[in-house]
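Peer 1: got a predicted structure here, sequence first:
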Amino acid sequence: MSDGTRLIRAGLPEPEQGAPFMPGPAFAAPFHLQGEVDTSEWSYTRYGNPTFARYEAALSELEGGEVVIFATGMAAAAALLLTGLSPGSAVAMDHGCYLGVRRLAKTHLEPRGVDVRLAAPADLEGAVSGAQMLWMESPSNPKLEVYDLAALAEAARAEGAVTVVDNTTAGPLYQKALDLGADFALTSATKHLSGHADLMLGYVATRDAERAQELRDWRTKAGSVPGPFEVWLAHRSLPTLGLRLERASANALALAETLSGRDDVTGVRYPGLPGDAGHEIARRQMQGHGTIVAFDVGGRQRAERFLQAAELVTEASSFGGVQTTAERRARWGGDDVTEGFIRLSAGCEETADLVADVERALDAL
Ligand SMILES: Cc1ncc(COP(=O)(O)O)c(C=O)c1O
């Protein structure tokens, strides 16, 4: 069965006469719990919740590993970094990976004696020598660099290091990070997985049952659990993930092609473009090329004016929602991008309308 079909019913209970397809969220802090504590039962939502369990089971079917959900993608990242590294250990990190992860590692791990090695893609393999963890992101946010995940994971394994792939930009439908050799696949479900720009959520997938339990224990101790309603909403959005990605990726490709053909736009990056530097590797390791396009419109002012002029492009951070959004990434600082660099997340509008709107906004500059 293909994933697109599997996710339609993933995590739903067996049919029961008169019952809804998907039970409502279990709104509970404590559950009834009389007498001795039985850890196989629901006790207190920080320890677990049936709504979490259903969504985790659904995601496990897509990931091919055990899944532990967290309050946000960053909560999942913190769990991996803090349970996987200790004073005296080292992590080799792709220097173009998500800003929040780099900052967390630099400001909270480095002062506690963890060697945080930020490295350019070409130097990642060298940087993993003697390290306990390799952390990479492909395609990376925001520059859409593509790395050979299988080759790098193999190099890490040879060094005795575990590999974490932040799979957020591709997601489990378009990139099977565990199959490519990652020990852990991290996804911010705030993005495509929930898909409506209305909640925060994250998760880790792994085939190591012991480490999954360790992450679950961390979640209980640190209290980084999501709310049941957010989890229920995300699960409700899962059956449409394939449809949403199909339309949004087609829109991203159409935009990338249009932008590449213009003289007033440079540096177009989209792994689905045959001429893109990452295309060959992306073709090998991804099942779809995703919804994000990066390009440069030539300076800060032009970028700001473009974002104001485009009516179907909402100026906002984040990506993976049904509405097309974009931002001038340099406004945050901390990413190695030019002033006119724009990261655009294609939504589910009709392709012709979206392309026409972007062309009109560029023509107006
Ligand atoms: C690649 C990547 N990883 C992790 C995160 C963090 O996810 P969250 O915002 O859900 O904490 C983000 C957020 O933008 C991201 O882009």
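Peer 2: Noted; the coordinates are in hand. Remember, predicted model here, so these are calculated numbers, not experimental data.
Peer 1: contact partners for the residue nearest to Asn251 when sequence neighbours are not counted?
Peer 2: Excluding the flanking residues, the one nearest Asn251 by CB to CB, 6 or more residues apart in numbering is Ala346, at 3.9 Å. Heads up, the C-betas are built off the backbone N, CA and C, glycines and all. Residues near Ala346 by CB atoms under 8 Å, 6 or more residues apart in numbering: 248-249, 251-252, 255, 291-293, 324, 354.
Peer 1: where helices are concerned, which of those residues count?
Peer 2: Members of the contacts of Ala346 lying in helices (criterion: DSSP state H): 248-249, 251-252, 255, 354.
Peer 1: so which of those residues reach the ligand?
Peer 2: Among these, proximity to the ligand is found for none (CB under 6 Å from any ligand atom).
Peer 1: what's around the residue in the chain positioned nearest to the ligand, how many residues?
Peer 2: Here the chain gets closest to the ligand at one residue, Gly73, 2.3 Å apart by CB to the nearest ligand atom. The number of residues packed near Gly73 is 24, by other CB atoms under 10 Å.
Peer 1: give me the next element, helix or strand, following the helix or strand where Leu215 lies.
Peer 2: Element membership for Leu215, per DSSP states H and E: helix 209-222. Using DSSP H and E, the helix or strand that follows helix 209-222 in sequence is helix 228-237.
Peer 1: circling back: for the residue nearest to Asn251, give me the pLDDT.
Peer 2: On the pLDDT scale, Ala346 is placed at 98.
Peer 1: how close does it get to Ala155?
Peer 2: 33 Å (CB to CB, to the nearest Å).
Peer 1: check His235 too.
Peer 2: Per CB to CB, His235 is found 36 Å from Ala155.
Peer 1: tell me which of these two has more neighbours.
Peer 2: His235 (25 against 20).
Peer 1: hang on, that one packs against Pro23?
Peer 2: No - taking contacts as CB atoms under 8 Å, His235 lies outside contact range of Pro23: 10.2 Å.
Peer 1: what residues does the protein have near the ligand?
Peer 2: Near the ligand, when you scan the chain using CB under 6 Å from any ligand atom, you find 72-74, 98, 100, 137, 141, 166, 168-169, 188, 190, 200, 202, 318.
Peer 1: now intersect those with the strands, please.
Peer 2: 137, 166, 188, 202 (DSSP state E).
Peer 1: so the first one is in contact with Tyr98, correct?
Peer 2: Put plainly, it is Glu137. Yes - at 6.2 Å, Glu137 and Tyr98 qualify as touching, with contact defined as CB under 8 Å.
Peer 1: name the residues contacting each of the two.
Peer 2: Common neighbours of Glu137 and Tyr98, using CB under 8 Å, 6+ apart, are 166, 168.
Peer 1: hmm, back to that, need the ones in strands among the residues of the chain next to the ligand in CSV (columns: pLDDT).
Peer 2: Formatted as CSV, these follow (pLDDT from 0 to 100):
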residue, pLDDT
Glu137, 97
Asp166, 98
Ser188, 98
Gly202, 98
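Peer 1: now rank those by neighbours and give me the top one.
Peer 2: Ser188 (30 neighbours).
Peer 1: any idea what that residue is bridged to?
Peer 2: Gly202 (DSSP bridges).
Peer 1: hang on, it packs against Gly202?
Peer 2: Yes - using CB under 8 Å, Ser188 and Gly202 qualify as a contacting pair, with a distance of 5.0 Å.
Peer 1: overlap in contacts of those two?
Peer 2: Both Ser188 and Gly202 are contacted by 72-74, 76, under the criterion CB under 8 Å, 6+ apart.
Peer 1: name the residues contacting each of His235 and Pro23.
Peer 2: Common neighbours of His235 and Pro23 (CB under 8 Å, 6+ apart) are 51, 54.
Peer 1: quick one, strands of the stretch 51-200 of the chain?
Peer 2: 66-70, 90-94, 115-119, 133-137, 162-166, 184-188 (DSSP state E, counting those that start in this stretch).
Peer 1: okay, those, which one's buried deepest?
Peer 2: Highest mean neighbour count among those (mean count of other CB atoms under 10 Å): strand 184-188, with a mean of 29.
Peer 1: which residues does that strand contact?
Peer 2: The contact list for strand 184-188, computed with CB under 8 Å, 6+ apart, reads 63, 65, 72-74, 76-77, 80, 162-168, 171-172, 177-178, 193, 201-206, 211.
Peer 1: 7 Å instead, please
Peer 2: Contact partners of strand 184-188, identified using CB atoms under 7 Å, 6 or more residues apart in numbering, comprise 63, 73, 76-77, 80, 162, 164-168, 171-172, 177-178, 193, 202-206.
Peer 1: what's the nearest residue to Ile8 if we skip its chain neighbours?
Peer 2: In space, and not counting its chain neighbours, Ile8 is closest to Pro239: 4.7 Å by CB to CB, 6+ apart.
Peer 1: so how many other residues sit close to the one you found?
Peer 2: The tally of other residues near Pro239 (other CB under 10 Å) stands at 17.
Peer 1: quick one: contacts of stretch 281-292?
Peer 2: For stretch 281-292, the surrounding residues in contact (CB under 7 Å, 6+ apart) are 139, 144, 146, 148-150, 169-170, 173-175, 180, 192, 245, 248-249, 252-253, 270-272, 319-320, 343-346.
Peer 1: what comes up buried for that stretch?
Peer 2: By 16 or more other CB atoms under 10 Å, the buried positions in stretch 281-292 come out as 281-282, 285-286, 288-292.
Peer 1: pick out the most distant pair among those.
Peer 2: Ile281 and Thr291 (18.5 Å; CB to CB).
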